[in-house]
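Peer 1: This is a predicted model, with the sequence first.
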Amino acid sequence: MVAIDNGTLLTHSLLSIQILEGFGVGAAVMNAGYNMKMHIVFALFFALTAPIGIAIGVALQGVLNTNSPEYLMTLGIVNSIAAGLLIYVAFEHMNAFRNKGEWLRKQGLATHLVCFGGFIVSGAALLVVAKWA
């Protein structure tokens with residue numbers, strides 16, 4: 001078994017996420033019909049937010065006491081907000097597909113329930129992965 005340190009694992013995780021998010025954001029910006037100036041603004045904003053966030057995290061790492069109740073409470077609140085936003089975005093994407101998609105609009109209640117069940121199952125799978133990780 002190969003041992004991987006946390007820095008390498010974090011770097012690979014961040015790179016993977018940034019690449020996938022970059023494709024998603026790029027496709028959304030292209031479909032929105034903005035001009036080239038706005039494309040450049042979005043690209044710069046996207047390219048700078050992660051490194052700035054990492055720099056803030058590295059700077060605060062030496063100052064923070066990760067066992068303090070204030071830190072743990074703040075971490076729990078921020079994680080809850082992030083999870084809520086992810087659930088909201090996923091639900092809105094599913095709802096938009098249901099309302100705009102011709103195929104799904106023509107389907108009956110059973111298909112809608114299967115789609116909603118898939119949404120719930122995928123959320124449960126994410127919880128299992130999060131608990132395991």
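Peer 2: Looks like it arrived, so ask away.
Peer 1: Which parts of the chain are strands?
Peer 2: Secondary structure of the chain, counting by DSSP state E: no strands present.
Peer 1: Counting residues, name the longest helix you see in it.
Peer 2: Scanning the chain for the longest helix, with DSSP state H as the assignment, gives helix 69-100.
Peer 1: Centre-most residue in the protein?
Peer 2: L86 (6.3 Å; Cα atoms, centre = their mean).
Peer 1: all helices in this structure, in order from the N-terminus.
Peer 2: Going by DSSP H, the chain shows helices at 6-32, 36-61, 69-100, 102-106, 109-132.
Peer 1: how many other residues sit next to I120?
Peer 2: Applying other Cβ atoms under 10 Å, we find 9 other residues in the vicinity of I120. (Each C-beta comes from the backbone N, C-alpha and C, glycine too.)
Peer 1: V58 and E70, how far apart?
Peer 2: 20 Å (Cβ to Cβ, to the nearest Å).
Peer 1: Now do the element among helices and strands of the chain having the smallest mean pLDDT: which elements does it pack against?
Peer 2: Least confident element among the helices and strands of the chain, by mean pLDDT, DSSP states H and E: helix 102-106 (a mean of 75). Under the contact criterion of 3 or more Cβ pairs under 8 Å, 6 or more residues apart in numbering; DSSP states H and E, helix 102-106 touches helix 69-100, helix 109-132.
Peer 1: try 6 Å this time
Peer 2: Taking 3 or more Cβ pairs under 6 Å, 6 or more residues apart in numbering; DSSP states H and E as contact, there are no helices or strands that helix 102-106 lies on.
Peer 1: Now that helix - C-alpha only, CSV.
Peer 2: The C-alpha trace of helix 102-106 is given here as CSV (Å, rounded to 0.1, in the frame of the first residue of the first chain):
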residue,chain,number,x,y,z
GLU,A,102,-39.9,18.2,-22.6
TRP,A,103,-39.2,14.5,-21.9
LEU,A,104,-39.7,14.7,-18.2
ARG,A,105,-42.7,17.0,-18.4
LYS,A,106,-44.5,14.4,-20.5
